[in-house]
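1. make a model of this:
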Amino acid sequence: MDYLNFDLEIGEGAGREYPVVVLRSPAGEARGTMRFPYDELRLDSALKDVQIALLRSGGKHRSALSQEQQSVRDFGRALFDAVIAGEVRSRYDVSLERAHQAGQGLRLRLRFQSPALAALPWEFLYDDREAEYVCLTVSTPLVRYLELPRPPQALVVAPPLRILGVACSPKGLQTLDVENEKRRVEEALKGLQDRGLVELCWLSAPTWRALQGEMRRGPWHVFHFVGHGGFDAGADEGLIYLADEDGKALSLRATELGRLLADHPPLRLAVLNSCEGARGSERDIFSSTASILVRRGLPAVVAMQYEITDRAAVELSRSFYEALADNLPVDAAVAEARKAVSLEVANTVEWGTPVLYMRSPDGVLFRVEARPSAAAAAPTVERKAAAQEEQRPAPAVVTQQPTVRAVDPQPDLLVIDTPIRLELICIPAGEFLMGDNKDLVDVAEFYIGKYPITNAQYAAFVQAKNYNGPDHWKEGRIPAGKESHPVVNVSWLDSVAFCDWLSQATSRQFRLPTEAEWEKAARGGQRIPGPGGALMDNPLPGRQYPWGDKFDKTKCNMDESGIGDTTPVGKYSPAGDSPYGVADLSGNVWEWCLNEYDNPERIQLEGDAMRVVRGGSWGDLGNVAAAPFRGSSHPGDRFVNYGFRVVVVGWRPNA
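-> Numbering: from 1, shown residues only. Presented below is the predicted three-dimensional model:
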């Protein structure tokens, strides 16, 4: 699709009024005044609602909008009606009609003179007349446009597009599962790589020196960064974190990163999958990492203005690079990716997380030549073999049944999407040997959370019930970067209240696990095969630890790890390490159980009897990671290493 441009500039204002100018459009120029729809307090509240909606994204389809989605829509509608008003709206409507008649799209290029306004999530602009977000259609992509000297020209590329990936989790910052992050990007690009359209290479060492050397060798067309970002308020400048020669965190300001990237002429695009890549100051329009890179010469930068979930990030990368390989302009490719995320992840608003900064007038970064044949796309040795193969006579066609490869059985998984997203694993009914004394205990079937409850999940409960958040949440906010960490500083009573809320919201019976349920999920146990294959009554003992019979510090976050804090759930066991596929049962946080410590059979909720905690935490030595190990605490205790997970009973997947 070809595009016409609708260039809209919002100037510096006074109070809540800002001048708005249509600099150019198919319908001519215009001037107007925007009355900003929010005062400072209401704006802060509206932005919090947007963040809550992002945390709760991914609920199951329903006929009506959730409260959070409605808040985002209301915010986007208020912005649209404020800025696209009066003569500006007339020019916009006529421009849309002329583009439609010509079979073209209308690119909305936003420019800001006010850094404070530039920091807002304009990607949520909502046109009530069309009943759609402006940027969720390829016909009206939205761009943060920076008009600078020497506009870049499109680069003719013989496939593959070459992407230089940098994934970095340096010492001294929150640990990222770098290998898992790389796998996610590779998963997103696998189809394109198999077709010879994209080549992804990872920088061997995430240092500035290694990056400089690799940029010399090239050519590279895209720089894709996965890691930590930040904003230096003192320098008024965004930054990313690489590593020094010892693996320790080394901040690289956007200006310095620009020096490394801008001198590489084939490079046309940077994708920053890091926190605060789009964050700027309220004093300088050119202060975010993304805007500085564009100012230094990159034609386009895609950065994130909020944290994005793994599922949305994979779909975003896949659809975005597919669209680029299909010769779409970069803004249209971002629009396609937004649309794909909105369809792949039900009821999400994460499609508004990416921000596109662009200085290319038409968004065309590459002109990809015709796609290669399978032989041309193969590596050199394989290419020669393919050429030889083409000279041989074609063999007779023989049809045969496809080979079926046996795979390990997957756990019986149950997923709920509202009011929060939860993965629960079925633990089958039956006896197992519990504790050091190996008592025979019979447990009915139940589903247990694959992971402990996270900060983000607990925040949904706090918001819905107006419940007090954990003491260490300043002003009720989750500590930065810890949305996926297990919630801590919650008492047994807090955990029970969370389960009650979840039960009411789902009309199912959620509660804490009994310690028998917790231990069976952690260590398993199986019956002895008897004559003829029948299972005899005496079960074999299960594992001593969720992963086996010996302690392994690489399998859990304990004192031996030296981290001294929680880590994201599933970091040490992303696929689940117990016999049933349950993760994090040892280490990270102690987990509350339902029953009393001195009377395991008693699970009544009244009274102040000591309650069981299981699993050990980041502050404990490995000996307490053993599945039979028991601890106890008062039901009102709140500690920095106490969390919980939930179970649900009487719920079959199709019930």
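2. per-residue confidence averaged over the helix or strand harbouring Trp518?
-> Assigned by DSSP states H and E, Trp518 falls within helix 515-523. In this model, helix 515-523 carries a mean pLDDT of 91.
3. which residues does it contact?
-> 425, 427, 432, 434-435, 441, 443, 446, 448, 513, 542-546, 578-580, 582, 585-586, 591, 593-595, 600, 612, 614-615, 627-628, 630, 647 (C-beta atoms under 8 Å, 6 or more residues apart in numbering). Where you see a C-beta, it was placed from the backbone N, CA and C, and this is true even at glycine.
4. got a ChimeraX select line for the buried ones in the residues you listed?
-> Entered in ChimeraX, the line below selects the buried ones among those, by 16 or more other C-beta atoms under 10 Å:
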select :425,427,432,434,441,443,446,448,513,542,543,544,545,546,578,579,580,582,585,586,591,593,594,595,600,612,614,615,627,628,647
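5. among the contacts of helix 515-523, which ones are in helices?
-> Under the assignment DSSP state H, these contribute nothing to helices.
6. for Ala167, what are its contacts?
-> 176, 178, 181-182, 185, 202-203, 206, 225-227.
7. ok, and for the helix holding Trp518, which residues are buried?
-> 515-523.
8. pretty sure Ala444 contacts Gly430?
-> No - using C-beta atoms under 8 Å, Ala444 makes no contact with Gly430, being 9.0 Å away.
9. neighbour-wise, which of these two wins?
-> Neighbour count, other C-beta atoms under 10 Å: between Ala444 and Gly430, Gly430 has more, with 16 against 11.
10. beta partners of that one?
-> According to DSSP bridges, the partner residues bridging Gly430 are Val443.
11. what's the distance between it and Tyr642?
-> Relative to Tyr642, Gly430 is positioned 30 Å away (C-beta to C-beta, to the nearest Å).
12. quick one: secondary structure of Arg109?
-> strand (DSSP: H, G, I helix; E, B strand; the rest coil).
13. what sits up against stretch 24-43?
-> With C-beta under 8 Å, 6+ apart, stretch 24-43 has contacts from 4-7, 10, 13, 16-23, 46, 78-79, 81-83, 85-88, 90-92, 94-95, 98-99, 106, 117.
14. show me these that map onto helices.
-> Counting by DSSP H, the contacts of stretch 24-43 contribute 46, 78-79, 81-83, 86-88, 90-92, 94-95, 98-99, 117 to helices.
15. ends of stretch 523-543, what's the gap?
-> 5 Å (C-alpha to C-alpha, to the nearest Å).
16. kindly report the same for stretch 569-578.
-> Using C-alpha to C-alpha, the distance between the terminal residues of stretch 569-578 is 14 Å.
17. got the contact list for Trp220?
-> So Trp220 contacts 162-164, 214, 264, 266-267 (C-beta under 8 Å, 6+ apart).
18. Arg109 now?
-> Counted by C-beta under 8 Å, 6+ apart, Arg109 has contacts 5-8, 143, 145, 358.
19. partner residues bridging the nearest residue to it once chain neighbours are set aside?
-> The shortest distance from Arg109 to any non-neighbouring residue, by C-beta to C-beta, 6 or more residues apart in numbering, is to Tyr145 (3.7 Å). Tyr145 has these beta-bridge partners by DSSP bridges: Met358.
20. can you get me a residue count around Tyr145?
-> 26.
21. list the contacts of it.
-> Counting by C-beta under 8 Å, 6+ apart, Tyr145 has contacts 7, 109-111, 358-359.
22. and Arg144, how many neighbours?
-> Neighbour tally, Arg144, other C-beta under 10 Å: 23.
23. rewinding a little: neighbour-wise, which of the contacts of Tyr145 leads?
-> So for the contacts of Tyr145 (other C-beta under 10 Å), the most neighbours sit at Met358, 28 neighbours.
24. how close does the residue sitting nearest the centre point of the chain sit to Ser633?
-> Nearest to the mean C-alpha position of the chain, by C-alpha atoms, centre = their mean, lies Thr309 at 1.7 Å. Going from Thr309 to Ser633 by C-beta to C-beta gives 33 Å.
25. same question, Leu585
-> Distance from Leu585 to Ser633, by C-beta to C-beta: 18 Å.
26. swap in Phe223?
-> 49 Å.
27. neighbour count for these two, which is higher?
-> Just comparing Phe223 and Ser633: by other C-beta under 10 Å the higher neighbour count belongs to Phe223, 25 against 18.
28. contacting residues around that one?
-> For Phe223, the contact set (C-beta under 8 Å, 6+ apart) comprises 163-164, 166, 261, 267, 269-271.
29. 7 Å instead?
-> Residues in contact with Phe223 (C-beta atoms under 7 Å, 6 or more residues apart in numbering) are 164, 261, 267, 270.
30. state the mean pLDDT of the helix or strand encompassing Ser251.
-> Assessed by DSSP H and E, Ser251 sits inside strand 249-253. Taken as a whole, strand 249-253 has an average pLDDT of 92.
31. so where's the chain shaky on pLDDT?
-> 57-65, 148-151, 276-286, 369-411, 437, 525-541, 574-576, 599-608, 651-655 (pLDDT under 70).
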